[in-house]
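> coords please:
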Amino acid sequence: MPSQDLAPRPAPSADDPVVGVEQAEAALVEHYPRLVRLAYLVLPPGLNRTRRVLTAHALVQRALPRGRTAAPAIPAQADGRAGDPGYALVRLRVVTTALAAGRPLRRRAWPSRSQLPPLLPRVWGLRVFPRPGGADELALDRALSALTGPGRAAYTLRGLEGLSDPEVRQVLTDSDVTDPSAALTEADSVPAGPERHALLSSPEFDPCSLQARPTDLMRRRQRLRVALAAGAVLAAGGALLALPGAGWGPDGAAAPPYAQNESARAALDPARLTTVSATAWRTSARTDFSVWPARGDRTGDRALLRRALAVWARPGAKVRVSATPGTPTGGPAGPPQLLYAGTVDAARVVILHDGLRVVRYAEPKDGTAGAALDLARTDAAGRDAATAVVLGRADGNVRYLTAPWVTKAAERDLTEPDSGARGLALTDGVTAPLASPVQRPGDCGSWTALELTDDATTRLLSDLGELVPARLTTGRPGAERDVSDAKARGAWSPYACSLGTVRGQGVRAVNAWEFAAQPLPHATGTATWVCTRAETWRGTGARVLAQFHTPGGRYGTVVAKAQDVPACGERAPQVLAGVLWKSAKHGWYLLSAGSDDLTSVRASGGIDAEAEGHVLETEAEQGAHAELTGTLEDGRTVKGLR
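Residues are numbered from 1 along each chain as shown. Got it, this is the predicted structure:
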């Protein structure tokens, strides 16, 4: 529908809804990640990423009103925020201050608080920035960088908040934008649509899921205060090491020690590391990381183990630290379990487990410079998940340490389901190197997966750039099964490349479920619909993709994405998606399909059609948009993924 200009907002009256501080605070706390993402997208791109992240957090934390305040005229529109004047008020204050932060300073006017660097929150000695996305996110970021602040705000309110043009115009007017219509026109210059708007919810624009790197270490070293502080810390550390019985050896790349209590010191004592026998898993009631024996040629190297524990507890400024989302990065609470200590290619590697996390410490053979610490959350890992851990990466290849119950390892190309597996040598549980698809971004000619076999089961795992590979499964949610035969591999083959979209997300398992088969118009074959759902170790952040595969095509096409929804999962296996498909001779069609428990499918909006059953086919115009709704046998409805 074409947009209509809104009338100027009337002055508040006694009948207007009023928002109290408590209501605004509840909305801010509940929707804090979304509000910070909104501020981050509206803030000027000229700020460096660290300042942009911290400014976004500062603006949201200062968005609470000082007292009871009249609510804005436009309520929140998205599910979970509809009719919440508290959220609408806080959102308006965030947009207003983010726009003010982008205005240039004037010589004869005092700067507003938003135009100054935030005093709090503050991060010293680190650069923090969101995780990088793919080529689509980069292109969108560049396009938004070319807009003015009001233009970015208009695009973000449309795509992220789902507001209509009149509602966006009202929010911009209330945010003191002089020409909201011009801002909307400017936002029209950036490609839009459901897929483009979905990019606004990607990790590229998430200031709450961050990576950290050190600032300019040389410049910091030259500053007097840092030099004095470092001298004081070194003196304190020397005094601690001089105490009788306190010295266990050098800490390598670890930071200088702080005062420690007895339990903390016990957790860093390599002599107290937990180990289990090589046969403990055969009689244990549990089959997880807790029954892995200690392996490797350096399990008796106390100096190496000491350095690994010390770096875990307090990594130095030059240690590269990475952690999957939702993984605590603090040191161990007590003596952890040793899983591996040995030489892997050109590095010395230690793998530890504390019940909640698997931790990998690696250092070069010739010293500790360039040491790395990787942490991954693995709580509640059973036999199906505790099968392999990455030992090392080199030259585009990866080596794994496998579970003691694994009897055979092989390498498979997931895009070629009929090709044979290439066997991998297993030496004390360590695999020969195999190619990692994560090391070849943008190249999807193949997708290498790790196949592991034990006495009962064959499982397929995929490297997603993290410490623990993701388990691949097929089947209806709640009845998933491992990819262990040619049929299951064939079900995954067209969708293997979609695994690249969930790299670095802390993914535990990815399931591919063929929820519908749909005859194409004019008897041109049968297309298949597949839903892939990536579950994370932290339980939240699941990513769902609906994909459409036509006969003769090698790869499926992603037609819908969703984040943090129950669709296509064990709690709510129902799913519905649609795509505009062009026949070679007969023009455009809207094709839609849902899971087999749908009794009817309806399209509304730009296309009006309805069909009994769980598939729908109707003629359409190129570029048409439709809202899809499916009905279940009990009368409940299912919205189409977008």
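> how about the contacts made by Trp513?
Applying CB atoms under 8 Å, 6 or more residues apart in numbering, we find Trp513 in contact with 474-477, 530-533, 568, 573. Where C-beta positions appear, they are placed from N, C-alpha and C, glycine not excepted.
> so among those, which ones count as buried?
474-477, 530-533, 568, 573 (16 or more other CB atoms under 10 Å).
> what about Val94, distance to Tyr400?
According to CB to CB, to the nearest Å, Val94 stands 45 Å off from Tyr400.
> neighbour-wise, which of those two wins?
Legend: neighbour count by other CB atoms under 10 Å for Val94 and Tyr400, higher for Tyr400 (27 against 23).
> hey, what's that one bridged with?
Counting by DSSP bridges, Tyr400 forms beta bridges with Val390.
> contact partners for it?
Contact analysis of Tyr400 by CB under 8 Å, 6+ apart lists 388-391, 409, 430-431, 450, 469.
> of all the residues you listed, which comes closest to Val349?
Among those, Leu391 lies closest to Val349 (CB to CB), at 5.7 Å.
> burial check on that closest one, number of neighbours?
Using other CB under 10 Å, Leu391 is surrounded by 25 other residues.
> with Gly445 instead?
9.
> do the one 3 residues further on as well
When neighbours are counted by other CB under 10 Å, Thr448 registers 22.
> partners of it in the sheet?
Asp413.
> check whether it really touches Glu411, as I assumed.
Yes: contact criterion CB atoms under 8 Å: Thr448 and Glu411 qualify, at 6.0 Å.
> shared neighbours, the two?
Counting by CB under 8 Å, 6+ apart, the common neighbours of Thr448 and Glu411 are 434-435.
> what sits against Gln60?
Let me fix one detail, which is that residue 60 is Val and not Gln. Contacts of Val60 by CB under 8 Å, 6+ apart are 28, 32, 35-36, 39, 90, 94.
> scan those and report the most crowded one.
Neighbour count (other CB under 10 Å) singles out Val90 as the most crowded of those, with 28 neighbours.
> quick one: it and Leu38, what's the gap?
The gap separating Val90 from Leu38 is 10 Å, by CB to CB.
> overlap in contacts of these two?
With CB under 8 Å, 6+ apart applied, the contact sets of Val90 and Leu38 do not overlap.
> in the stretch 251-400 of the chain, which spans are helices?
Under the criterion DSSP state H, counting those that start in this stretch, the stretch 251-400 of the chain contains helices at 262-267, 280-283, 302-313.
> out of those, which gets the lowest mean score?
Mean pLDDT values for the helices of the stretch 251-400 of the chain show the minimum at helix 262-267, a mean of 72.
> among the buried ones among the contacts of Trp513, name the ones in strands.
474, 530-533 (DSSP state E).
> give me the below-cutoff pLDDT ranges for the stretch 251-400 of the chain.
Scanning the stretch 251-400 of the chain for pLDDT under 70 picks out 251-264.
> coming back round to it: of the buried ones among the contacts of Trp513, closest to Arg357?
Arg357 lies nearest to Arg533 out of the buried ones among the contacts of Trp513, by CB to CB, at 24.2 Å.
> against Glu195, how distant is the closest one?
Note on Arg533: its distance to Glu195, by CB to CB, is 18 Å.
> ok, now Ala609?
Per CB to CB, Ala609 is found 22 Å from Glu195.
> check Ser419 too.
Ser419 is 32 Å from Glu195, by CB to CB.
> and what of Lys487?
Going from Lys487 to Glu195 by CB to CB gives 31 Å.
> looking at those two, which is more packed in?
Shown here are Lys487 and Glu195; by other CB under 10 Å, Glu195 has more neighbours (14 against 10).
> give me the pLDDT value at the more buried one.
pLDDT, Glu195: 81.
> over to Leu401?
pLDDT for Leu401: 97.
> for it, the count of nearby residues, please.
25.
> do I have it right that it meets Ile351?
Yes: taking contacts as CB under 8 Å, Leu401 lies within contact range of Ile351: 6.3 Å.
> any common contacting residues for these two?
Contact with both Leu401 and Ile351 is made by residues 339-340, 389, 391, according to CB under 8 Å, 6+ apart.
> report the central residue of this protein.
Centrality entry for the chain: nearest residue to the mean C-alpha point is Gln505, 3.6 Å, by CA atoms, centre = their mean.
> tell me the contacts of that one?
Neighbour list for Gln505: 203, 324-325, 464, 534, 536, 541, 543 [criterion: CB under 8 Å, 6+ apart].
> can you tell me which of those has the most neighbours?
Thr324 leads these on contacts (other CB under 10 Å) with 25 neighbours.
> for that one, phi and psi?
phi -70, psi 150 (degrees, to the nearest 10).
> tell me, how many residues neighbour the residue nearest to it when sequence neighbours are not counted?
The shortest distance from Thr324 to any non-neighbouring residue, by CB to CB, 6 or more residues apart in numbering, is to Gly506 (3.7 Å). Residues near Gly506, counting by other CB under 10 Å, number 25.
> for Gly506, which residues are in contact?
By CB under 8 Å, 6+ apart, Gly506 lies in contact with 324-327, 376-377, 466, 536-538, 541.
> biggest separation within the residues you listed, which pair?
Largest separation among these by CB to CB: Ala376 and Gly541, giving 14.5 Å.
> before we move on, the earlier item: of all the helices of the stretch 251-400 of the chain, which one is nearest Thr156?
Comparing these against Thr156 with CB to CB, the closest turns out to be helix 302-313 (39.6 Å).
> same for that closest one, what does it pack against?
Under the contact definition 3 or more CB pairs under 8 Å, 6 or more residues apart in numbering; DSSP states H and E, helix 302-313 sits against helix 262-267, strand 337-344, strand 347-353, strand 357-364.
> cool, thanks, signing off.
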